[in-house]
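give me coordinates for this.
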Amino acid sequence: MKEHASIIHLRNVALFHRLTGSKEVAEKVELEAIRDSYSLGLKAPPKSATSTAEWRRLKAHAFHIQRMHLRNVMNDSTRCQALTAEFEGTYLDYSHMQVTRRTMDLLFALARRQKLPEKIQAMFKGDKINVTEERAVLHTALRSSPNDPPIFVDGENVIEQVHSVLEKVRKFSEAVRNGEQKGATGKLIRNIVAVGIGGSYLGPEFVHEAFCTAQQYAGEGMNEFYRLRFLSNVDPVDVRRTLYDLDPEDTLIIVISKTFTTAETMLNARTARQWLWDSMGKDPSVVACHMVACASTSAAGLVADFGIVSENVFIFWDWVGGRYSVCSSVGALPLSLKYGFNTFEKFLSGARAIDKHYKHAPLERNLPVLMGLLGVWNMSFLGYKTRTILPYSEALLKLPAHIQQLAMESNGKRVTTTGEELDYEIGPVDFGEPGTNGQHSFFQLLHMGQVCPAEFIGFIESQHHLHVEGEKIASHDELMANFFAQPDALAIGKTADELLAEGCPEELVPHRTFTGNRPSLSLLMPKVNPYYLGQILALYEHRTATEGFIWNINSFDQWGVELGKKLATDVRNRMQNFREGKESLSTTSGLNPSTQHLMKRYLEHSDTLVRVKGIVNHRSKPSKPVSPILRAAVAAAIAENSKRGKVNGSTNHLEEKYKSK
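All right, here's what the predicted structure looks like:
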């Protein structure tokens, strides 16, 4: 096949630039020629990303970068300014990464070669990009505006469906908060227990922990009156810790399971139901008044069989993966019950802003794209297999656990979307801890052990201002001093010559030398509030998707969790048969000797303990009465709302409750 004239022209231009010494321009033109040859059908696209010219150039470039020390480039103000991006006050500085502007140009070329812009648009349109399950991926639709153009999946308008459920959440949460929706014995609902695991728990808990310390929301709508807890682990200790001091008569249980078959969740749900029955009897009104469900429409029969009435089911859809479901009823219902629907709407608005940014911003200024490309660079080209997330805000103490699931369940894969085994490294191990706690935990390794890229998240404004009299600086300044110092310490380090000049004993120099050249990025945001929390959530969701799109994997399935679940079912059946006397310990065919020995030891020594049964709440304590301080705070809030003309049925009803006490 003869070469197309445009390809010949581009190659001639590239040759000219090489001969005249413009190597970088020549390489850019050569990449354009390669892309055109693919798009014109003159050359078959390579099956693996490693076969592309863009990947090979990055591999060669990585060799040169590894000989560059960050210590030698951190004083280059032009470079430092170029390696930043900003959106709505969220400032990303990645100058502490082992990259140059040339690195980023090559990464952008790879992104275009891997059709990143097209894949982003396909996700937003509702194309079925989850190819192994033939599903759309539309967590972005969960925070859409009601006025957004319709998105159709299997003939259904997703935008209408989402806002129908959100309206149902709003009405139900307001009915609970204003006293219209009561418990079976007539008590106001005060305690909310969300029963779920994985994405049904980690994301909502991260948001809850951040909301609960925000001063501007602590008293809004008398949020302090309501208590939200999460029951996730099937370990009975988790049940004990969650329920022990609650009163079943003023507790609402939210069962969160898309299929209503998740083993751990359903056992905990049945346990919670028994806890309610032990206190109030088995009248159908007990479950009807005290249990609701977040589940898919396909699980309607199982939900009904459980005893939850249809009007108390808040659906979410197959096109929402659990780890991407915070903005669905999974997060909307418990968070709205605790903090009010208006607060949750602000959270959705922040996520929506990042969605639009991700969809429309150029790659070069697109925060999730930049973070995703840097993740690919560190993992696949520099070979860093771990990554740590370090929020310098105690309010975000649960963020690392959420990101851990989001990233590792999404991108812990071994084959491409078309089933070919990967021939490049992907999917770093994510972990983290709030600063400065992490500094006294694992920063020793970050500074002197294996290289682990770090992501620092800091805030200009604290949720709580504290400046103790006599102290030179405020507590938040002390926190942020560490936020600014740690990336420099990781990047620049400290040499042996510097230590000797400071008078360090020679024998200690090797122990106190910091090699530096350890990459990090910094996100500096205005404040921790619902809007910016929504931005953080969406930012990391899209960072994860970007990495998956570049690696050409499916970031939206999770087949890796299935085998362990299947084996656990088999073992559970064996254990049940033994407990019921149907199977002896010697009948263990199919188990390897190690598992057989462990299981035999467990069954022999736990038998008498496990057979002891009793009512679930036999050790529960009644809920403590509302404290005088809380009663006074609520009364003050009611009085303030009265002055502003905001008193409604909700506040009037609660005021009567407190007066009666």
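
so which residues of this protein form strands?
Using DSSP state E, the strands assigned to the chain run over residues 84-87, 90-93, 152-153, 156-157, 191-195, 227-231, 251-256, 291-295, 313-315, 386-391, 429-432, 454-461, 520-527.

can you list the ones you listed in a markdown table and add distance to Met104 and mean neighbour count?
Every residue, glycine included, has its C-beta placed from N, CA and C. Converted to a markdown table, these look like this (distance: least, C-beta to C-beta, whole Å; neighbours: other C-beta atoms under 10 Å):
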| stretch | distance to Met104 | mean neighbour count |
| --- | --- | --- |
| strand 84-87 | 11 | 16 |
| strand 90-93 | 13 | 20 |
| strand 152-153 | 35 | 15 |
| strand 156-157 | 39 | 13 |
| strand 191-195 | 42 | 26 |
| strand 227-231 | 40 | 21 |
| strand 251-256 | 41 | 27 |
| strand 291-295 | 41 | 27 |
| strand 313-315 | 42 | 21 |
| strand 386-391 | 19 | 24 |
| strand 429-432 | 23 | 19 |
| strand 454-461 | 17 | 20 |
| strand 520-527 | 13 | 20 |
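
wait, Leu246 touches Asn191, no?
Yes: shown here, Leu246 and Asn191 form a contact pair, counting by C-beta atoms under 8 Å, at 4.9 Å.

rewinding a little: a markdown table please, covering the strands of the chain and showing distance to Thr242 and mean pLDDT.
As requested, these are arranged in a markdown table below (distance: least, C-beta to C-beta, whole Å; pLDDT from 0 to 100):
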| stretch | distance to Thr242 | mean pLDDT |
| --- | --- | --- |
| strand 84-87 | 38 | 98 |
| strand 90-93 | 35 | 98 |
| strand 152-153 | 36 | 96 |
| strand 156-157 | 36 | 96 |
| strand 191-195 | 6 | 98 |
| strand 227-231 | 4 | 97 |
| strand 251-256 | 10 | 98 |
| strand 291-295 | 15 | 98 |
| strand 313-315 | 21 | 97 |
| strand 386-391 | 25 | 98 |
| strand 429-432 | 25 | 98 |
| strand 454-461 | 29 | 98 |
| strand 520-527 | 31 | 98 |
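
compare those strands and give me the one nearest Glu409.
Among those, the nearest to Glu409 by C-beta to C-beta is strand 429-432 (10.4 Å).

pull the distance from that closest one to the chain's centre.
Taking the mean C-alpha point of strand 429-432 and that of its whole chain, the gap between them comes to 12 Å (C-alpha atoms, centre = their mean, to the nearest Å).

direction included, what does that strand pair up with?
Paired strands of strand 429-432, with direction, are strand 386-391 (parallel) (DSSP bridges).

just the CA atoms of the partner strand, as CSV, please.
As requested, C-alpha coordinates have been extracted for strand 386-391 and formatted as CSV (Å, rounded to 0.1, in the frame of the first residue of the first chain):
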residue,chain,number,x,y,z
THR,A,386,2.7,2.0,46.0
ARG,A,387,1.0,5.3,46.5
THR,A,388,0.0,7.2,49.7
ILE,A,389,-2.8,9.7,50.2
LEU,A,390,-2.2,12.2,53.0
PRO,A,391,-5.0,14.5,53.9
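
which residues sit against that strand?
When contacts are taken as C-beta atoms under 8 Å, 6 or more residues apart in numbering, the neighbours of strand 386-391 outside the stretch itself are 375, 378-379, 397, 399-400, 403, 407, 428-435, 438, 442, 446, 450, 452-457, 486.

let me see the ranges of the helices in the stretch 401-550 of the chain.
Across the stretch 401-550 of the chain, reading from the start of the chain, the helices by DSSP state H, counting those that start in this stretch fall at 443-448, 475-492, 496-501, 509-512, 530-551.

now the helices for the stretch 151-300 of the chain?
Ranges of helices within the stretch 151-300 of the chain are 158-177, 202-211, 215-218, 236-243, 263-280, 284-290, 300-306, based on DSSP H, counting those that start in this stretch.

tell me which of those sits nearest to Leu337.
With C-beta to C-beta as the criterion, Leu337 lies closest to helix 158-177 of the helices of the stretch 151-300 of the chain, at 4.9 Å.

who are the packing partners of the closest one?
Contact here means 3 or more C-beta pairs under 8 Å, 6 or more residues apart in numbering; DSSP states H and E; on that basis helix 158-177 packs against strand 313-315, helix 329-339, helix 341-360.

hey, which of those is tucked in deepest?
helix 329-339 (a mean of 27; mean count of other C-beta atoms under 10 Å).

make JSON lines out of the helices of the stretch 401-550 of the chain and add mean pLDDT and mean neighbour count.
Output for these, formatted as JSON lines (pLDDT from 0 to 100; neighbours: other C-beta atoms under 10 Å):
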{"stretch": "helix 443-448", "mean pLDDT": "97", "mean neighbour count": "16"}
{"stretch": "helix 475-492", "mean pLDDT": "97", "mean neighbour count": "17"}
{"stretch": "helix 496-501", "mean pLDDT": "97", "mean neighbour count": "13"}
{"stretch": "helix 509-512", "mean pLDDT": "97", "mean neighbour count": "12"}
{"stretch": "helix 530-551", "mean pLDDT": "98", "mean neighbour count": "25"}
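
closest one to Arg352 among these?
Taking those one by one with C-beta to C-beta, helix 530-551 is closest: 7.4 Å.

bridged to the closest residue to Leu523 other than its chain neighbours, which residues?
Closest residue to Leu523 in three dimensions, ignoring its sequence neighbours and counting by C-beta to C-beta, 6 or more residues apart in numbering: Ile457, at 4.7 Å. Here Ile457 sits in beta bridges with Pro391, Leu523, going by DSSP bridges.

pretty sure Ile457 contacts Tyr392?
Yes: look at Ile457 against Tyr392 with C-beta under 8 Å: they come within range, at 6.5 Å.

distance check, Glu478 against Val99.
Relative to Val99, Glu478 is positioned 31 Å away (criterion: C-beta to C-beta, to the nearest Å).

distance to Tyr384, mean neighbour count and mean pLDDT for the helices of the stretch 151-300 of the chain - can I get that in a markdown table?
Rendered in a markdown table, the data for the helices of the stretch 151-300 of the chain read as follows (distance: least, C-beta to C-beta, whole Å; neighbours: other C-beta atoms under 10 Å; pLDDT from 0 to 100):
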| stretch | distance to Tyr384 | mean neighbour count | mean pLDDT |
| --- | --- | --- | --- |
| helix 158-177 | 38 | 19 | 97 |
| helix 202-211 | 24 | 24 | 96 |
| helix 215-218 | 38 | 15 | 57 |
| helix 236-243 | 34 | 16 | 95 |
| helix 263-280 | 33 | 20 | 96 |
| helix 284-290 | 49 | 19 | 96 |
| helix 300-306 | 44 | 15 | 96 |
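
for Leu533, find the nearest of those.
The stretch from those with the least distance to Leu533 (C-beta to C-beta) is helix 202-211; that distance is 5.3 Å.

between strand 386-391 and that closest one, find me the angle.
What separates the directions of helix 202-211 and strand 386-391 is an angle of 30 degrees, with axes from the mean of the first three to the mean of the last three C-alpha atoms, to 10 degrees.

what comes into contact with stretch 359-366?
Outside of stretch 359-366, the residues within contact range by C-beta under 8 Å, 6+ apart are 85, 87, 104, 108, 111-112, 116-117, 120-121, 124, 357-358, 367, 369.
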